[in-house]
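Chemist: Need coordinates for the below:
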Amino acid sequence: GDATKAIENLTKALKVFEEMGIKPGVAAISANLGKRYFERGDYKLALKYCNTSLEIFEEGRNKGGIANTTSLMGSIYAAQGHYTKAISYGERGLAIAQETGVLSSIESSAQNLFSSYKTAGKYKEALEMNELYFQARDSIQSKENQKAVIQSQVQSEYEKQKAIDDLENEKRVAIETQKK
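Modeler: Okay, here's the model as predicted:
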């Protein structure tokens with residue numbers, strides 16, 4: 001279905017980026033392939049692509065890429081029941097996400113760590129991650145709400161100005177018509 005088509009297209013794109021030597025593209029597509037294979041339950045291939053991605057992101061010092069890829073790897077290890085590795089990768093991803101301040105990465109890393117800590121019986125850490133997850137999620141929602149309010153205000157100001165401009169134009173046309 002769609003997942004198979006996505007993997008086919010990503011694989012074609014990966015070959016093009018590899019042939020052209022565009023490493024950031026190779027890293028991004030490899031991470032995406034890792035995610036697609038993870039969703040299909042093919043953990044071996046998922047980790048293969050994630051490792052490729054991570055190497056390139058580390059080489060290029062791409063912190064966002066490193067944070068997202070290590071967090072994804074943590075999820076893959078958790079799905080396999082390897083909670084020590086899952087926590088190790090998850091903590092690395094979270095630390096970088098917090099350093100860069102990317103809320104969506106903090107949110108996903110905290111959610112993944114919550115699950116791993118809980119399953120590993122580390123309930124205090126699980127609770128901390130659950131709280132962090134909700135803080136990040138609420139911050140994201142708050143920013144989205146602020147954006148919506150600003151867009152609404154801008155639209156309202158635009159409509160007011162348009163109404164004023166239309167009235168002034170009608171007035172000008174009426175005066176010019178009276179002059180004739």
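Chemist: How about the contacts made by the residue nearest the centre of the chain?
Modeler: The centroid of the chain falls nearest to Ser104 when counting by Cα atoms, centre = their mean (5.4 Å). Residues counted as contacts of Ser104 (Cβ atoms under 8 Å, 6 or more residues apart in numbering) are Ala136, Ile140. (C-beta placed from N, C-alpha, C; glycine too.)
Chemist: Pull out the buried residues from the helix or strand containing it.
Modeler: If you go by DSSP states H and E, Ser104 is part of helix 103-119. For helix 103-119, the buried set under the neighbour-count rule, 16 or more other Cβ atoms under 10 Å, comprises 103, 105-118.
Chemist: Stretch 68-86 too?
Modeler: 68-78, 82-83, 85-86.
Chemist: average model confidence for that stretch?
Modeler: In this model, stretch 68-86 has a mean pLDDT of 93.
Chemist: Off-centre distance for it?
Modeler: 17 Å (Cα atoms, centre = their mean, to the nearest Å).
Chemist: do the same with stretch 79-99
Modeler: 17 Å.
Chemist: what does that stretch contact?
Modeler: 38, 41, 43, 63, 66-78, 105-106, 109-110, 112-113, 116-117, 119-120, 122.
Chemist: switch to 6 Å and redo it
Modeler: Here stretch 79-99 makes contact (Cβ atoms under 6 Å, 6 or more residues apart in numbering) with 43, 63, 66-67, 70-71, 73-74, 77-78, 105-106, 109, 112-113, 116, 119-120.
Chemist: now do stretch 9-17
Modeler: Gly25, Val26, Ile29, Asn32, Leu33.
Chemist: Which ones among those residues lie within strands?
Modeler: Nothing among the contacts of stretch 9-17 maps onto strands, per DSSP state E.
Chemist: I'd like to check the angle between the helix or strand hosting Ile66 and helix 103-119, please.
Modeler: Element membership for Ile66, per DSSP H and E: helix 63-79. Interaxial angle of helix 63-79 relative to helix 103-119 (axes from the mean of the first three to the mean of the last three Cα atoms, to 10 degrees): 20 degrees.
Chemist: Quick check: next helix or strand after helix 63-79?
Modeler: With DSSP H and E, the next secondary element past helix 63-79 is helix 83-100.
Chemist: Only C-alpha atoms, please: export that following helix in CSV.
Modeler: Extracted as CSV, the C-alpha positions of helix 83-100 are listed here (Å, rounded to 0.1, in the frame of the first residue of the first chain):
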residue,chain,number,x,y,z
TYR,A,83,15.1,-0.9,27.5
THR,A,84,18.7,-0.1,28.6
LYS,A,85,19.6,0.9,25.0
ALA,A,86,16.2,2.5,24.6
ILE,A,87,16.8,4.7,27.6
SER,A,88,20.4,5.5,26.6
TYR,A,89,19.4,6.7,23.1
GLY,A,90,16.3,8.4,24.4
GLU,A,91,18.2,10.3,27.0
ARG,A,92,20.8,11.5,24.5
GLY,A,93,18.0,12.6,22.1
LEU,A,94,16.3,14.5,24.9
ALA,A,95,19.4,16.2,26.1
ILE,A,96,20.1,17.5,22.6
ALA,A,97,16.4,18.5,22.1
GLN,A,98,16.5,20.5,25.4
GLU,A,99,19.8,22.1,24.4
THR,A,100,18.4,23.2,21.0
